[in-house]
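# Quick check, what structure comes out for this input:
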Amino acid sequence: MIKSGCSAMVVFLVLVLIIGSTPHSVRAADGPNDEERPIRLYATARTAPLGVISSFGSLLINGRQAAGQRTIWGGELLQAPAGKTVHISFDSIGRVTLARGAMARFAASDEASGDIGVATLIGAATLQRRRVLIASVIDGDLNLELEPEAGAYIRACGSAFTAAPGSRFHLKVSEGRATIDTEVGEVSLEQQPAQRTYVLRPVGIGANISVRTRATRQIQIQVTDENDRPVPDLPIVFALGGQGLGSLGSGATTGATITVNTNAQGIASAAFTAGDTAGSTTVTATVEGTRFSWTGNISVEKAKGFWTTQNTLIVAGIAAGAGVAIGIAATNDEERDPIVAIPPPVVRP
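Predicted coordinates for the structure are as follows:
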């Protein structure tokens, strides 16, 4: 009986495991009386890097300095050094050169392409997948040479450009405008709807910001639309005009450039921490992918210690006054008559 009971228990546990491991459909209902509907989840991921960077000098990746050959995975904010060039090789896409302090982000996607010809007559279409480079250029110059089977989609200053496979062209972003010079292939400007207008204003500060060395100053920019309404969840790129005077952000996000989204009040905040060197630089806040920006000046001044000229005179005056008082007390002590002991009276009979 004991063996039979154990065998029955084992069979029961096996059945429970089989039933529990059988996949079930995930369903959702809008209400208790609504019919259940299945939810299908799809996820894809690319584990390969997007490209390899070669730089003649240090460049900025997400606001941090980097040098030599680097691997990028997509989405990083890249900034070329002033007067230097950065070369990027994208697998199965082509080559990009950044110059004149260019700032840009890159990503890639696959799109279907092919010849729907004779194959359509037999009920099937011959489709292929081709790689498309997606770029968001904020400033500077960009040269792009595409592989014969790769295309590109580029956004800059509110404009969008589509490059045919195998194209080679030069993109220039300056003073809030983007221009294209095509050498080979075809690059077309997409018809864009009326671009939304943004207004950037500093909060609590003017265009001139002053900060002491090794001190931190908060920079806040509010973004509103054409109707003066705050615009939330908008990416704002803060960038310093020069390096060496300080950094933006805090913790792991410290660098010369950072990207911050606006909050519910349309405000984006960036902390500027000054270094040990005095000087001046600029800080620019730009609505990413548009021509709307704000530029301010940052002046870093040497921190004044306690022993300034004014404090030295004050302390010297206090010390001199104390010395005079001590001298007067000592003089008075010297001019006083010495204390003479008086002998006890003598009683005579």
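# In terms of helices and strands, where is the closest residue in space to residue 280 that isn't next to it in sequence?
Take residue 280 and drop its neighbours on the chain: the residue closest to it by Cβ to Cβ, 6 or more residues apart in numbering is residue 299, 4.9 Å away. Yep, even glycine has a C-beta here, placed from its N, CA and C like the rest. Taking DSSP states H and E as the definition, residue 299 sits inside strand 293-301.
# mean confidence for that strand?
Average pLDDT, strand 293-301: 94.
# Same question for it: list its buried residues.
Judged by neighbour count (16 or more other Cβ atoms under 10 Å), strand 293-301 contains these buried residues: 293, 294, 296, 298, 300.
# so who does the residue nearest to residue 280 touch?
208, 209, 210, 211, 279, 280 (Cβ atoms under 8 Å, 6 or more residues apart in numbering).
# check contacts around the third one.
Right, the one you point to is residue 210. Counting by Cβ under 8 Å, 6+ apart, residue 210 has contacts 298, 299, 301.
# What of the second one?
Contacts for residue 209 (Cβ under 8 Å, 6+ apart) come out as 217, 219, 272, 283, 296, 297, 298, 299.
# do the first one as well
Shown here is residue 208, whose contacts under the criterion Cβ under 8 Å, 6+ apart are 296, 297, 299.
# what pLDDT does it get?
pLDDT, residue 208: 88.
# Residue 265 reaches residue 233, doesn't it?
No. Judged on Cβ atoms under 8 Å, residue 265 makes no contact with residue 233 at a distance of 11.5 Å.
# Comparing those two, which residue is more hemmed in?
For the pair residue 265 and residue 233, the greater number of neighbours falls to residue 265 (13 against 9), based on other Cβ atoms under 10 Å.
# how much space between that one and residue 175?
According to Cβ to Cβ, to the nearest Å, residue 265 stands 29 Å off from residue 175.
# can you put the contacts of residue 208 in JSON lines and add distance to residue 107?
JSON lines is the format used below for those (distance: Cβ to Cβ, whole Å):
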{"residue": "296", "distance to residue 107": "30"}
{"residue": "297", "distance to residue 107": "34"}
{"residue": "299", "distance to residue 107": "38"}
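# List just the nearest of the residues you listed to residue 60.
Minimum distance to residue 60 across those is 19.7 Å, recorded for residue 296 (Cβ to Cβ).
# residue boundaries of the strands in the stretch 101-250 of the chain?
Applying DSSP state E, counting those that start in this stretch to the stretch 101-250 of the chain gives strands spanning 126-146, 151-156, 159-163, 168-174, 177-184, 187-189, 199-202, 208-212, 216-224, 235-240, 246-248.
# so which of these gets nearest residue 260?
Using Cβ to Cβ, the nearest of the strands of the stretch 101-250 of the chain to residue 260 is strand 235-240, at 5.4 Å.
# Pairing partners for the residue nearest to residue 280 in the sheet, please.
residue 210, residue 280 (DSSP bridges).
# Repeat that for residue 170.
Note on residue 170: beta-bridge partners by DSSP bridges are residue 143, residue 181.
# what residues are up against residue 216?
So residue 216 contacts 271, 272, 273, 274 (Cβ under 8 Å, 6+ apart).
# which of these are buried?
Applying 16+ other Cβ under 10 Å to those flags 271, 272, 274 as buried.
# Find the residue ranges of the stretch 201-349 of the chain scoring beneath the pLDDT cut-off.
The stretch 201-349 of the chain contains residues with pLDDT under 70 at 243, 305-349.
# now swap in the stretch 51-200 of the chain and tell me
Applying pLDDT under 70 to the stretch 51-200 of the chain flags the ranges 56, 112-128, 192-194.
# thinking again about what came up before, how about the buried residues of strand 293-301 in a markdown table, adding distance to residue 185?
A markdown table is the format used below for those (distance: Cβ to Cβ, whole Å):
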| residue | distance to residue 185 |
| --- | --- |
| 293 | 31 |
| 294 | 37 |
| 296 | 41 |
| 298 | 43 |
| 300 | 47 |
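# among the residues you listed, which two are most distant?
It's 293 and 300 that sit farthest apart of these, by Cβ to Cβ, at 22.0 Å.
# quick one, helices of this protein?
Secondary structure of the chain (DSSP state H): helices located at 2-21, 118-121, 309-335.
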